[in-house]
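**Q** The amino acid sequence is not available; the structure is as follows:
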Ligand SMILES: [Zn+2]
Ligand SMILES: [Zn+2]
């Protein structure tokens, strides 16, 4: 098989609420009645019971509201890693890892500014690259 | 290794309430207060709440009170087989298979007399023979 | 004396195998349907009880809240084998009777997929070294050696014991039960199967566990059902239409199996059903003759037959005559399982005990369409789970 | 107004890892112990509620009946994550308040063995072909990539959020909680671990999920606890001694987590605890200052600290000062987790919500031996299960 004719490896987001492309970002299902945002498939709104949702882009910038540096995890998961709860500039809570900084309390600080970034976390048998998102500290 | 010196294959009952030997039979945990019989390990008596039990030999003769001819079972189980509920002469209900007779409603009849018998159902890696019990029709 | 309790709204999903929906979708559909049917919302509920068996430890009630409304109310996740749905309903009723809630939601759901018809253990092809374990000191799975652990076999034996004790009961009587329920199912669009079979076809279908053929066994499947329960005082504050469509829960009883000699080798399904129904008749002030329809737990044809007797629908020992004479057919004097029963409608375990309340309520409201039992005023639902647990509810139409 | 409800008898097994007992042995021991403690038998019970999480669909309640007495009473098998035991207790209380029972038995049991400390998913080393699935359209387990799903990590984050919002809270304050509970445990022979550690040892032990070190995390283990619950009218018909040893359930509340913005990415453990305790204080007519001891849900040290605030034991935002000042130590003014808490006593999930009732009741009866809190008259128990579910009970000693 001619390598040149092979299709370029494609990318797939690790979750469907991560939008890839030139400007990676998260997209939420936003209740048209009350504005509550959810990242998962919905039957109705957990806040108001509404059943109409629209797609809403979530801001990439945010603040680190809580974190844990995880040392014990399932065997296939590299440790330590920094799990975090980020509150974005538009007030949406997001859970992910803090990346691109050492995993210690000297570098990871409550209240620090972070920004969304993406990186590859695996490839499947067809060469499709799985892209995850994390948050990295923003120099201030 | 000299075959003569090898220990003879031993037998083990499929359940601990089956007693092997010259006169195979079942033994129940009998409540000393109310006489209720149980085949399993007990914390107390399901009938009266008593906590004292003695071993009681269960009669080998009985009557077929109910049966089913089972055609669909887990893949490792040979079918058809006859599952049965036997009421022994001393009034104890026992669940086991009817064996040594064709598995059809012409040969297996409600109310027929049956008697306990034992047979081998497997051997483990050490050659230990697992002995089960069943009930066979009694000629009348 | 606590106030009377009513069904305000109820809904069930179609029972079938859903490839593209999860249990939460089904629970949401049933819950939202029941709320809409009652003209209320999740924000009106004071309690939620959720019944599911295979995902019993998954917090299905809270998962459902997260999908349709997190309002902070107490959630009870319950399981009771095949009586799981009825137990969820009972829990809400109990909360209202305790004065802790005025209105509550009970949801039963199960996603079984194609998990196969049979329970029972399997043996490894090769054992290593025999080692007695467990409360019977067994060295291998005893299913198929010391009798059967499969449900069709267990309920076959329950039926055969009845046949041993009573004349006029045999393979043909059991088969007629399935013939009846399959015929009934053709009128129920929510049933998993809607196909009529002749008695000969039922008897000639592949044998599962004699005397239960394949067409005499309930299928596995997915589905959900829900009910909004309300206390009388709160009901009287609602609209005339809501009050007229409300269905009175005249009795709600849950029992377990008391000790019987044979219970240790096969769970008794008779005594606890008799105890439950006797308590229910007394609580409701209703006699078997008053019943316009019955939805009973026909997990297998053999089970339905013995429950005619357990539920006092026939003369003692007379279940064979009862089916032979046509009484439990939909044009008979005591229609049983006009929904198609578990055999045709399906049996997503957690849903079953609320789905039968949906069925009876729909008839009592006169909203059952093609399968409506005319002028139905009083109905009874019954479920039983091995182990054992039995739920009986008696429902009555609102006075006009 | 329904009658008041009391604890007549209660028992817990030692929490540890049992190699030679199964869950049924533990449930039987707790149940028979509670019955004997109350001077009654299973034949006096009108209802049984059984709480267990990992075997939630196994019909543990009926299995227990088969071991200690099959009397035909209704059985409710319930589960609610770490609030499972409290939910079983609540179910019995509700049944008595509903007038359906005069006396009932609640049993919580769990056999966890050495299943490991952590929840959270694991990824296969090699995926085949990525295929989005589930409600987030994920192509692999996201645990460890999109944050943590492990319990020590989740509760670490809950604590760190509190630290972010409030001054004076950090690693040392969290560690002091564990130091305290380990110290308390040395007086409790039923605790899984009974070993004291210095603050430095707690902080220097292997890090599990910062700021929770290994010594700040509850262990897995096996155990059971049970309580006999009785209505006031029936209690008054019993002996003087039974009445004097009875403990009043002044409040019994179960809540779930109402919607909060961040709840969809990490279950909220705060709001539902605040809602539950506020309702409980009102129901009991008790204020936080009235409490002589508190058993709260210290699954991790970070959790205990935030619940000081949630349970109104400290000034708003003042949980750091609260632990620094020594108030929750057993010689402080509001002793918290004098049993050793989940961190030392252990946390067999289904048992926990009844074991804390056992602990408080034992103090209120003046029967707590070496660890007795003198003149304890009023106590509070709290459990929370992620998902979420919160159970709070306020207990009071009988008047002499
Ligand atoms: Zn909304
Ligand atoms: Zn006895």
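**A** Alright, I've got the coordinates. Because the structure is a prediction, the values reported are computed rather than measured. Ligands and ions are numbered 1, 2, ... in the order given.

**Q** Say whether chain D is contacted by stretch A:76-86.
**A** Yes - Stretch A:76-86 reaches chain D (CB under 8 Å from any CB of the partner chain) through A:76-81, A:83-85. Quick note: C-beta positions are derived from backbone N, CA and C, even for glycine.

**Q** And these, which of them are buried?
**A** A:77, A:80-81, A:83-85 (16 or more other CB atoms under 10 Å in any protein chain shown).

**Q** just curious, which of those is nearest to ligand 1?
**A** Of all these, the one with the least separation from ligand 1 (CB to the ion) is residue A:85, at 21.6 Å.

**Q** got the contact list for that closest one?
**A** Under the criterion of CB atoms under 8 Å, 6 or more residues apart in numbering or on different chains, the contact partners of residue A:85 comprise A:64-67, A:93-95, D:147, D:157, D:161, D:262, D:265-266.

**Q** now stretch C:243-261, how far from the centre of its chain.
**A** Chain-centre distance of stretch C:243-261: 12 Å, with CA atoms, centre = their mean, to the nearest Å.

**Q** Endpoints of it, how far apart?
**A** Distance between the two ends of stretch C:243-261: 48 Å, counting by CA to CA, to the nearest Å.

**Q** Show me which positions of that stretch end up buried.
**A** Of all the residues in stretch C:243-261, those buried under the rule 16+ other CB under 10 Å are C:243, C:245-260.

**Q** Keep only those of the buried ones among the residues of stretch A:76-86 next to chain D that are in strands.
**A** Here DSSP state E is the test, and those give A:81, A:83-85 as lying in strands.

**Q** Inside helices: which ones of the buried residues of stretch C:243-261?
**A** Secondary structure of the buried residues of stretch C:243-261 is defined by DSSP state H; positions in helices are C:243, C:245.

**Q** before we move on, back to that, just give me the closest of the residues of stretch A:76-86 next to chain D to chain B.
**A** residue A:76 (31.9 Å; CB to the nearest CB).

**Q** and the closest one, how far is that from chain C?
**A** Distance check for residue A:76 against chain C: by CB to the nearest CB, to the nearest Å, it reads 23 Å.

**Q** Just want to check the distance between that residue and ligand 1.
**A** Summarising the geometry, the distance separating residue A:76 from ligand 1, computed by CB to the ion, to the nearest Å, is 37 Å.

**Q** I figured residue C:350 hits residue C:108, correct?
**A** Yes - under the contact definition of CB atoms under 8 Å, residue C:350 touches residue C:108, with a separation of 4.4 Å.

**Q** Which residue is most remote from the mean position of chain C?
**A** In chain C, the residue that sits farthest from the middle, by CA atoms, centre = their mean, is residue C:129; the gap is 42.9 Å.

**Q** Quick check: that residue touching residue B:128?
**A** Yes - using CB under 8 Å, residue C:129 is in contact with residue B:128, at 7.4 Å.

**Q** hang on, the earlier thing: name all residues that make contact with the residue farthest from the centre of chain C.
**A** The neighbourhood of residue C:129, defined by CB under 8 Å, 6+ apart, consists of B:124-126, B:128.

**Q** could the residues you listed be laid out in a markdown table, adding distance to residue C:112 and pLDDT?
**A** What follows is the contacts of residue C:129, written out as a markdown table (distance: CB to CB, whole Å; pLDDT from 0 to 100):
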| residue | distance to residue C:112 | pLDDT |
| --- | --- | --- |
| B:124 | 35 | 90 |
| B:125 | 37 | 89 |
| B:126 | 40 | 89 |
| B:128 | 39 | 92 |
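
**Q** which one of those residues sits closest to residue D:59?
**A** Top of the list for closeness to residue D:59, among those and by CB to CB, is residue B:124 at 31.6 Å.

**Q** For that closest one, give me its contacts.
**A** Contacts were defined as CB under 8 Å, 6+ apart; by that measure residue B:124 touches B:130, C:127-130.

**Q** Next, residue A:94: secondary structure please.
**A** Under the three-state scheme (DSSP: H, G, I helix; E, B strand; the rest coil), residue A:94 adopts strand.

**Q** The stretch 1-150 of chain C: helices as residue ranges?
**A** Chain-ordered helices for the stretch 1-150 of chain C, with DSSP state H, counting those that start in this stretch as the definition, fall at C:23-38, C:60-68, C:84-97.

**Q** how far away is the residue nearest to residue C:344 when sequence neighbours are not counted from ligand 2?
**A** Nearest non-adjacent residue to residue C:344, counting by CB to CB, 6 or more residues apart in numbering or on different chains: residue C:185, 3.3 Å away. Residue C:185 is 46 Å from ligand 2, where distance means CB to the ion.

**Q** what's the neighbour count on residue C:185?
**A** 26 (other CB atoms under 10 Å in any protein chain shown).

**Q** Quick check: phi and psi at it.
**A** Recorded main-chain torsions at residue C:185 are phi -60, psi -20, according to degrees, to the nearest 10.

**Q** For it, which residues are in contact?
**A** Applying CB under 8 Å, 6+ apart, one finds that residue C:185 lies in contact with C:191, C:193-195, C:339-341, C:344-345.

**Q** all strands for chain A, in order.
**A** Along chain A, counting by DSSP E, strands occupy A:11-13, A:18-19, A:25-31, A:37-38, A:53-58, A:61-70, A:81-88, A:93-98, A:113-123, A:129-137.

**Q** domains for chain C, by residue range?
**A** Residue ranges of the domains in chain C are recorded as C:5-116+C:221-249, C:151-217+C:251-397, according to automatic domain parsing.

**Q** measure the longest one end to end?
**A** Length of domain C:151-217+C:251-397, first residue to last, CA to CA: 35 Å.

**Q** for the record, mean pLDDT for that domain?
**A** Throughout domain C:151-217+C:251-397, pLDDT has a mean value of 98.

**Q** what's the offset of it from the middle of its chain?
**A** Centroid separation for domain C:151-217+C:251-397 versus its chain: 9 Å, with CA atoms, centre = their mean.

**Q** Over to the shortest one?
**A** Mean C-alpha position of domain C:5-116+C:221-249 versus that of the full chain (CA atoms, centre = their mean) differs by 15 Å.

**Q** For residue C:39, see how far away residue C:244 is.
**A** 12 Å (CB to CB, to the nearest Å).

**Q** correction: residue A:123
**A** According to CB to CB, residue A:123 stands 53 Å off from residue C:39.

**Q** what does residue C:362 give?
**A** 16 Å.

**Q** who's more crowded, those two?
**A** Between residue C:362 and residue C:39, counted using other CB under 10 Å, residue C:362 has the larger neighbour count: 23 against 15.

**Q** The more buried one and residue C:368 touch, don't they?
**A** Yes - counting by CB under 8 Å, residue C:362 touches residue C:368, with 4.7 Å between them.

**Q** So what does the residue of the stretch 301-400 of chain C found nearest chain D look like in phi/psi?
**A** For the stretch 301-400 of chain C, the residue positioned closest to chain D under CB to the nearest CB is residue C:387, at a distance of 4.2 Å. Here the main-chain torsion angles of residue C:387 (degrees, to the nearest 10) amount to phi 140, psi -30.

**Q** Counting neighbours, what do you get for it?
**A** By other CB under 10 Å, the burial measure for residue C:387, its neighbour count, is 23.

**Q** Name the nearest residue to the residue of the stretch 101-250 of chain C at minimum distance from chain D, sequence neighbours excluded.
**A** Closest approach of the stretch 101-250 of chain C to chain D (CB to the nearest CB) occurs at residue C:135, with a separation of 7.6 Å. Closest residue to residue C:135 in three dimensions, ignoring its sequence neighbours and counting by CB to CB, 6+ apart: residue B:40, at 3.9 Å.

**Q** on that earlier part again, and for residue C:350 and residue C:108, which residues touch both?
**A** Here residue C:350 and residue C:108 share the contacting residues C:51-52, C:84-85, C:88, C:224, scored by CB under 8 Å, 6+ apart.

**Q** For residue 11, list the residues it contacts.
**A** Reading this off chain A. Neighbouring residues of residue A:11 by CB under 8 Å, 6+ apart: A:20, A:128-131.

**Q** I was thinking of chain C, sorry if that wasn't clear
**A** Neighbours of residue C:11 in contact, by CB under 8 Å, 6+ apart: C:29-34, C:36-37, C:225-226, C:358.
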